[in-house]
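*Asks:* here are the coordinates; sequence isn't available:
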């Protein structure tokens, strides 16, 4: 019994099911919560791919921070907003055809390309340790740039969302 | 045995679902979340190639961490713009944000 396959299907089902629910639910708050499930499923897939640190960063950043941030956004705009049934059938049909066509194109490419067979031995001994060493040795300049980017985004978000003083 | 193609297929499906959400949803918060979904699909691709690619290693995971950072910054700034827009215009629907078309 290959448990990797079972877990792959379970996590892929959670991820895709959450995304499908997001597209079909009516209330906006429910959509945001459905996407939290998608992010959890993706974190499970990351664990299967031996990326434990990324998986837990995914849970903290996406399921934790971004979903809650978006829920705050919904609460601060129109908290009872409902997505009306799609009124523009032509627009929706075109978007559906476009998305389906893109998927068909990608799927054809994935199926016809001879991929390198992955090795079965584990990638590294200690994922978090090796990732930390790579981040602070080889990638230290991009790491610091990412820190500056986060600082700029923080200040920018505060400045943008601050209520203007009435003159 | 789960191979690279299955991960890539899941990622392509997630990307297309996100694209469909971006194109059809009217609430701006949901449009932002759909963009996050597409970024997540890309991250899954990066991590899958980091394990199954021609040169397995940690480089893909490091790139995923950076893309996670940029996605968080994008979400916060996008939401701040959205709240400012809602305060000034009283709408959070993308089809009513047509000030420049008039």
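*Replies:* Done, it's in. Everything numeric here is computed off the predicted structure, so don't read it as measured data. Residues are numbered from 1 along each chain as shown, chains lettered A, B, ... in the order given.

*Asks:* quick one: contacts for residue A:160?
*Replies:* B:77, B:80, B:81, B:83, B:84 (Cβ atoms under 8 Å, 6 or more residues apart in numbering or on different chains). The C-beta positions use only the backbone N, C-alpha and C, and glycine is treated the same way.

*Asks:* need the nearest residue in space to it, chain neighbours excluded.
*Replies:* Nearest residue to residue A:160, sequence neighbours excluded (Cβ to Cβ, 6 or more residues apart in numbering or on different chains): residue B:80, at 3.9 Å.

*Asks:* what packs against the host helix or strand of the one you found?
*Replies:* Assigned by DSSP states H and E, residue B:80 falls within helix B:59-89. For helix B:59-89, the elements it packs on are helix A:52-58, helix A:67-76, helix A:127-137, helix A:140-161, helix B:28-52, judged by 3 or more Cβ pairs under 8 Å, 6 or more residues apart in numbering or on different chains; DSSP states H and E.

*Asks:* which parts of that helix are buried?
*Replies:* Neighbour-count burial for helix B:59-89, counted by 16 or more other Cβ atoms under 10 Å in any protein chain shown, picks out B:59-69, B:71-86.

*Asks:* what helix or strand is the residue positioned nearest the centre of chain A on?
*Replies:* By Cα atoms, centre = their mean, chain A has its centre lying nearest to residue A:39, at 5.4 Å. Assessed by DSSP H and E, residue A:39 sits inside helix A:28-48.

*Asks:* does any part of that helix sit near chain B?
*Replies:* Yes - contact of helix A:28-48 with chain B (Cβ under 8 Å from any Cβ of the partner chain) involves A:28, A:31, A:32, A:35, A:38, A:39, A:42, A:45, A:46, A:48.

*Asks:* give me the PyMOL select line for those residues, limited to the buried ones.
*Replies:* Only the buried entries of these go into this PyMOL selection, using 16+ other Cβ under 10 Å:
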select buried, chain A and resi 28+31+32+35+38+39+42+45+46+48
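
*Asks:* which one of the residues of helix A:28-48 next to chain B is nearest residue B:28?
*Replies:* residue A:28 (10.0 Å; Cβ to Cβ).

*Asks:* from the residues of helix A:28-48 next to chain B, which one has the minimum pLDDT?
*Replies:* Across these, the member with the lowest pLDDT is residue A:28, scoring 85.

*Asks:* nearest residue to residue A:130 in space, please, no chain neighbours.
*Replies:* residue A:124 (4.4 Å).

*Asks:* give me the below-cutoff pLDDT ranges for chain A.
*Replies:* For chain A, the stretches flagged by pLDDT under 70 are A:1, A:79-87, A:118-121, A:165-167.
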